[in-house]
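> fold the following.
(chains A and B)
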Amino acid sequence: MKKWQCVVCGFVYDEAVGMPEEGIAAGTKWGDIPESWNCPDCGVAKSDFEMVEV
Amino acid sequence: MDPVVIVGSGLAGYQSAKEIRRLDREVPLLLVSMDSGDFYSKPMLSNAFSSGKDPGSLVIKSAAQMAAELDARIRTDVRVDAIFPGDHEISIDGEKLRYARLVLALGADPLRLHADALSVNDLSGYAGFRKALEGKKRVAIIGAGLVGCEFADDLSSSGFEVDVFDIASQPLGRLVTPECGKWMEKAMKGIAWHWGVKIAKIEKGSILLEDGSAFQADIVLSAVGLKPRIGLAQDAGLECARGILVNRQLETSARDVYAIGDCMEIEGQVLPFVMPIMHASKILARNVLGERESLVYPAMPVVVKTPSCPAVVSPPKAGSKGAWHTEADAEGVKSVFLGEDGKMLGFALCGKAVSEKNLLAKELPAVLS
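Residues are numbered from 1 along each chain as shown, chains lettered A, B, ... in the order given. Purely as a prediction, here's the structure:
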């Protein structure tokens, strides 16, 4: 399980935790998150920025 | 071929460069930065402590890495001292250079009401702040807006004793309802809030209020707002109001000169946030490359980065007619601003209610339609 960080605002997505409140189950890999997904904090599209492994 | 020149290496500058390069691999690009040009996330400055980051580790990519990725030249630690729109020239530390198109991504300066208070507006400012904090305990923050609240929460949860002073009577006074403000105040435990106060003087180690009371503080941080950087544009004869004025095509009043980000004003609005930059950079890139697209802003809620008290705001446009309606319980507050026709024009959510953000945002009118 990895963590990914939004380079625009610093939001961290933790694969182990997922985002159940947004319909993304715990354990969902970054690559399996749909391209239409937006950063929950700054709204940037998944395709709009790079996530860096933290 | 003369280059597209981008002045500024913050998010607005780099995002513009990225979008231009995405559409055109050939056009020569030059970025001009007054600092090191390293790319970092500005919203993270107010959360760095609790996320265990020091100023060095906030650098996401160095200027050299950015230059390689963008296939751009980046000139660092230099200043643009003049623009000559008639000649398509700028002057960089006295040396003249021609541009094909010019993008002003100059950013904004923190408002400074007290010379002796620190302010944090970029990574080097943050580094200075961290150094000043070493071995210190008591931090006073002037201003309980977004930045003030975020720093207060970050420092308080990292063990500092934090006092916050504001002329308003609640946190985020210009963005949220009194009910939301109350809730946030309670949720951010351990912070001493001082409402309705004016600072008379800052002296070494203390803050004096106009009512005569005094508070000890090792460090004073000022977070009272931003002022778009318009001096360079004004000197060159570009039309400015609060910010550098642009039309829907992001063109300034000078030919082939564009503006984006915190320095820019469009239809009366100055929006120093991430989302407007992400939308504007796409349109700007197309137009710089010869198209003529118009900018549209959807509703753009702003998440307040106060982990001990989740909050998200999407204030109604200034001057909107209508009223706030609030539902509150132990777990959060939901305030919506309804216009005279009953349509929702804005919201402020705290605590558990933030989970309704996406649903509510869909109902909001566009900021620029």
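
> which secondary structure elements does the top helix by length along chain B sit against?
Assignment by DSSP state H gives helix B:274-288 as the longest helix of chain B. Helix B:274-288 sits against helix B:11-23, strand B:101-104, strand B:257-259, with contacts defined as 3 or more C-beta pairs under 8 Å, 6 or more residues apart in numbering or on different chains; DSSP states H and E. C-beta coordinates here come from the backbone N, C-alpha and C atoms, glycine included.

> please name the bridge partners of the nearest residue to B:Val103 once chain neighbours are set aside.
With C-beta to C-beta, 6 or more residues apart in numbering or on different chains as the criterion, B:Val103 has its nearest non-adjacent residue at 4.4 Å, and that residue is B:Ile6. With DSSP bridges applied, B:Ile6 shows beta-bridge pairing to B:Leu31, B:Val103.

> out of everything not next to it in sequence, what's closest to B:Val224?
B:Gly143 (4.1 Å).

> ok, back up a step: of all the helices and strands packed on helix B:274-288, which one is nearest B:Ala361?
Proximity to B:Ala361 (C-beta to C-beta) singles out helix B:11-23 among those, at 21.3 Å.

> using CSV, write down the CA coordinates of the closest one.
Provided in CSV are the C-alpha atoms of helix B:11-23 (Å, rounded to 0.1, in the frame of the first residue of the first chain):
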residue,chain,number,x,y,z
LEU,B,11,1.8,27.9,-9.3
ALA,B,12,0.3,30.3,-11.8
GLY,B,13,3.6,30.6,-13.7
TYR,B,14,4.5,26.9,-13.7
GLN,B,15,1.0,25.8,-14.5
SER,B,16,0.9,28.2,-17.5
ALA,B,17,4.2,26.8,-18.7
LYS,B,18,3.0,23.3,-18.3
GLU,B,19,-0.2,23.9,-20.2
ILE,B,20,1.6,25.7,-23.0
ARG,B,21,4.1,22.9,-23.3
ARG,B,22,1.3,20.4,-23.4
LEU,B,23,-0.1,22.0,-26.5
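
> please work out the average pLDDT along it.
For helix B:11-23, mean pLDDT rounds to 96.

> which bits of chain A sit near chain B?
Within chain A, the residues that sit near chain B (C-beta under 8 Å from any C-beta of the partner chain) are A:6-10, A:12, A:21-22, A:40-45, A:48, A:52.

> quick one on the thing from earlier: got the angle between the longest helix of chain B and helix B:11-23?
Counting by axes from the mean of the first three to the mean of the last three C-alpha atoms, to 10 degrees, helix B:274-288 lies at 40 degrees to helix B:11-23.

> list the buried residues in helix B:274-288.
Across helix B:274-288, burial judged by 16 or more other C-beta atoms under 10 Å in any protein chain shown covers B:274-288.

> what about stretch B:189-197, start to end distance?
21 Å (C-alpha to C-alpha, to the nearest Å).

> burial count for B:Ala361?
Residues near B:Ala361, counting by other C-beta atoms under 10 Å in any protein chain shown, number 17.

> so it sits against B:Ala299, correct?
Yes. Counting by C-beta atoms under 8 Å, B:Ala299 is a contact partner of B:Ala361 at 5.2 Å.

> B:Met59 is in contact with B:Tyr40, isn't it?
That one is not Met; residue B:59 is Val. Yes. Counting by C-beta under 8 Å, B:Val59 touches B:Tyr40, with 5.3 Å between them.

> and these two? Which one has more around it.
B:Tyr40 (24 against 15).

> by proximity to chain B, which residue of chain A wins?
Nearest residue of chain A to chain B: A:Gly10, at 3.7 Å (C-beta to the nearest C-beta).

> now that residue, nearest residue through space, not along the chain?
Using C-beta to C-beta, 6+ apart, the closest residue to A:Gly10 is B:Met44 (3.7 Å).

> which ones are touching that neighbour?
Contact analysis of B:Met44 by C-beta atoms under 8 Å, 6 or more residues apart in numbering or on different chains lists A:9-10, B:51, B:53, B:58.

> from the residues of chain A next to chain B, list the buried ones, please.
Neighbour counting by 16+ other C-beta under 10 Å classes A:6-10, A:40-44, A:48 among those as buried.

> Serialize these to CSV and add fields for distance to A:Ile33 and secondary structure.
Formatted as CSV, these follow (distance: C-beta to C-beta, whole Å; DSSP: H, G, I helix; E, B strand; the rest coil):
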residue, distance to A:Ile33, secondary structure
A:Cys6, 12, strand
A:Val7, 16, coil
A:Val8, 16, coil
A:Cys9, 17, coil
A:Gly10, 18, coil
A:Pro40, 11, coil
A:Asp41, 15, coil
A:Cys42, 16, coil
A:Gly43, 15, coil
A:Val44, 13, coil
A:Asp48, 13, helix
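
> from those, which has minimum pLDDT?
Scanning those for pLDDT, the low point is A:Asp48. It has 76.

> which residues are in contact with the residue nearest to it when sequence neighbours are not counted?
Spatial nearest neighbour of A:Asp48, excluding adjacent residues (C-beta to C-beta, 6+ apart): B:Met278 at 6.3 Å. Contacts for B:Met278 (C-beta under 8 Å, 6+ apart) come out as A:8, A:42-45, A:48, B:15.

> show me what the helix or strand of chain A with the lowest mean pLDDT is packed against.
Sorting the helices and strands of chain A by mean pLDDT, DSSP states H and E puts strand A:51-53 at the bottom, at a mean of 75. In terms of contacts (3+ C-beta pairs under 8 Å, 6+ apart), strand A:51-53 is packed against strand A:3-6.

> may I see the buried residues of the strand it packs on?
Under the neighbour-count criterion of 16+ other C-beta under 10 Å, strand A:3-6 has A:4-6 buried.
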